[in-house]
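Asker: got a predicted structure plus its sequence, pasted below:
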Amino acid sequence: MDPTQVTALAIFLGLAAAWDVLERRIPNALVLAGAIGAVALNAASLAGFARTAEGFLVGLGLLLVPFVLGWLGAGDAKFFAVVGAFLGPRVVCDAALLGVAWGGVFSAILLWRRRTGRVAGPLATVPYAVPLALGAVAALAFQWAGVPIL
């Protein structure tokens, strides 16, 4: 990824995570803008467009079952599809694995806070864009370092 792509991805990740923390939702307008940005930045060639489309479909596919089971929202699944469009099919798989690991950490903390009575209501949920965004950043760092995850 070139610096422009990394910057666009970082902005998208930051906005989505912040929105999810504040409102427990990721707006469709943000997802659409991210998808358009990913296509515009990655699809200069037919191979780039194919990689972007594959990454989008893999990212969506990875979170489709958890969405259908009600474990996360549609915004999270759409958000991760756009992350896949930026990262491509290979790296988005790493990002999913690392994001789920981060999600486990966040969930364990949340369960402890619930048990001790320190959190209730809408704050008693994990804004899942945050661990997924951390997973995407970690996967990109591992890719740059040449360290394979899967």
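Answerer: Looks like it came in fine.

Asker: buried set for the least confident helix or strand in the chain by mean pLDDT?
Answerer: Comparing helices and strands within the chain by mean pLDDT, DSSP states H and E singles out helix 89-115 as the least confident, with a mean of 92. Going by neighbour count (16 or more other C-beta atoms under 10 Å), the buried part of helix 89-115 is 89-96, 98-100, 102-103, 110. The way it works is simple: take the backbone N, C-alpha and C, and place the C-beta from them, glycine included.

Asker: again with stretch 118-132
Answerer: When burial is assessed from 16+ other C-beta under 10 Å, stretch 118-132 yields the following buried residues: Val119, Val126, Pro127, Tyr128, Ala129, Val130, Pro131, Leu132.

Asker: now do the contacts for the first one.
Answerer: Which is Val119. For Val119, the contacting residues are Leu110, Arg113, taking C-beta atoms under 8 Å, 6 or more residues apart in numbering as the criterion.

Asker: same check on the fifth one?
Answerer: Residues touching Ala129, when contacts are defined by C-beta under 8 Å, 6+ apart, comprise Ala16, Ala17, Trp19, Asp20, Val21, Ile26, Gly75, Asp76, Phe79.

Asker: among those residues, which lie within helices?
Answerer: Of the positions in the contacts of Ala129, Ala16, Ala17, Trp19, Asp20, Val21, Gly75, Asp76, Phe79 sit in helices, assigned by DSSP state H.

Asker: compare these and tell me which has the most neighbours.
Answerer: Phe79 (30 neighbours; other C-beta atoms under 10 Å).

Asker: distance check, that residue against Leu64.
Answerer: When C-beta to C-beta, to the nearest Å is applied, the distance between Phe79 and Leu64 equals 13 Å.

Asker: likewise for Thr4?
Answerer: The spacing between Thr4 and Leu64, counted by C-beta to C-beta, is 30 Å.

Asker: so for these two, which sits in the more crowded spot?
Answerer: The residue with more neighbours, out of Thr4 and Leu64, is Leu64; 14 against 10, by other C-beta under 10 Å.

Asker: just the element for the more buried one, please.
Answerer: Taking DSSP states H and E as the definition, Leu64 sits inside helix 46-68.
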